[in-house]
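Undergrad: Here is a sequence together with a model predicted from it:
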Amino acid sequence: MALSTHERIEQLQPAIANLEASDSMADAGRKVLLGELIRMLKHEEGSRLGEDPEEVHDMRVAIRRMRSVFRLLKPYFKAKDVRRFNGELQQLAWALGDVRDLDVFMADLHKFQEQVSAEQQADLQTVIDDLEAQRSEARERLVEALDSKAYRRFVKDFSTFLTEAPKPVKEADKESVEPVQVRHLLPPTVYNRLAAVRAYESALEEPSATTLHSLRIEFKRLRYTVSLFEGVLGTQIEGFITDLKDLQDILGNLN
């Protein structure tokens, strides 16, 4: 018999462990993914009910962060696992994104509607009614996805993948000494993300909208990288993450 979402969360909670600098990157990835999976599941019921738009947003963010982990740590997992779980997360993210995009668009339209004339309000209401119908259809598709056997199977298999002892991606050479731990591999990973941001320094004199959008994506990738490993990056990293988010928001507004 399949576990309910609440039962699945209770089953997974004891497996949560703190991130350690001595963890292998694969173990660290599993720890981070497990925390985000639990976060996703906690917002599942709210996303299904649709009473608070932020539930869909928060569930989508957890999925986005998990996909970021797979992108970042792809070399440390088996390719077939990355393809399968990342692909299923993407499908779910699309269903959530359809609802979220309409939630945001409609909220903005409602605010704008309050600022215009009565005649313009009536015209806007026609658009809002049409969007409401689109959102209802998107919500039906989302609920159908969350109620599907495929989704329940994904949650079960992903939970197993994250809580069982991982098999090595390749057989280790007993004579070989290679960097595998977080403390070995995270610093160059962060610097590479930072380098991708700093590369835009020479392109900001007269940037196009496309350039600003691409820079925002690089800021987001840098923020996700340091956020996911926040537990091993010291006490000052929280302020750095806040600064990154502020810059990302500024770029979003400009775009």
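TA: Yep, it's here.

Undergrad: okay, CA-based contacts and neighbour counts for the rest of this
TA: OK.

Undergrad: can you tell me the average pLDDT over the longest helix along the chain?
TA: The residue-count maximum for a helix in the chain (DSSP state H) belongs to helix 79-113. Average pLDDT, helix 79-113: 92.

Undergrad: and if you look at stretch 15-30?
TA: Per-residue pLDDT values over stretch 15-30 give a mean of 93.

Undergrad: C-alpha coordinates for that stretch, CSV please?
TA: Written as CSV, here are the backbone C-alpha positions of stretch 15-30 (Å, rounded to 0.1, in the frame of the first residue of the first chain):
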residue,chain,number,x,y,z
ALA,A,15,17.4,10.3,7.5
ILE,A,16,18.2,14.0,7.5
ALA,A,17,21.8,14.7,8.4
ASN,A,18,24.0,17.8,8.6
LEU,A,19,26.3,18.5,5.7
GLU,A,20,30.0,18.0,6.5
ALA,A,21,33.1,19.3,4.7
SER,A,22,34.4,15.7,4.8
ASP,A,23,31.4,14.3,2.9
SER,A,24,32.0,13.0,-0.6
MET,A,25,30.3,15.2,-3.1
ALA,A,26,27.8,12.3,-3.9
ASP,A,27,26.9,12.0,-0.2
ALA,A,28,26.6,15.8,0.2
GLY,A,29,24.3,15.8,-2.9
ARG,A,30,22.1,13.2,-1.4
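
Undergrad: give me the number of residues near Glu144?
TA: Glu144 has 14 neighbouring residues, counting by other CA atoms under 10 Å.

Undergrad: now the one 3 residues further on
TA: A count of nearby residues for Asp147, using other CA under 10 Å, gives 12.

Undergrad: and it, what pLDDT?
TA: 94.

Undergrad: any idea how far it lies from Ala2?
TA: Counting by CA to CA, to the nearest Å, the separation of Asp147 from Ala2 is 12 Å.

Undergrad: Likewise for Glu137?
TA: 27 Å.

Undergrad: And Leu102, by the same measure?
TA: The gap separating Leu102 from Ala2 is 32 Å, by CA to CA.

Undergrad: Please identify which of those two sits among more neighbours.
TA: Under the criterion of other CA under 10 Å, the comparison of Leu102 against Ala2 puts Leu102 first, with 17 against 10.

Undergrad: secondary structure element for the nearest residue to Ala203 once chain neighbours are set aside?
TA: Counting by CA to CA, 6 or more residues apart in numbering, Thr211 is the residue found nearest to Ala203 once chain neighbours are left out, at 7.8 Å. Assessed by DSSP states H and E, Thr211 sits inside helix 209-228.

Undergrad: Ile250 too?
TA: Short version, using DSSP H and E: Ile250 is in helix 237-254.

Undergrad: For that helix, list the C-alpha coordinates in CSV.
TA: Presented in CSV, the C-alpha positions along helix 237-254 are these (Å, rounded to 0.1, in the frame of the first residue of the first chain):
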residue,chain,number,x,y,z
ILE,A,237,27.8,33.3,3.7
GLU,A,238,24.2,34.3,4.7
GLY,A,239,24.9,38.0,3.9
PHE,A,240,26.5,37.0,0.6
ILE,A,241,23.4,35.0,-0.4
THR,A,242,21.2,38.0,0.5
ASP,A,243,23.4,40.3,-1.7
LEU,A,244,23.1,37.8,-4.6
LYS,A,245,19.4,37.7,-4.3
ASP,A,246,19.1,41.5,-4.2
LEU,A,247,21.2,41.7,-7.4
GLN,A,248,19.1,39.0,-9.0
ASP,A,249,15.9,40.9,-8.2
ILE,A,250,17.4,44.1,-9.6
LEU,A,251,18.2,42.4,-12.9
GLY,A,252,14.8,40.8,-12.9
ASN,A,253,13.2,44.3,-12.6
LEU,A,254,15.4,45.7,-15.3
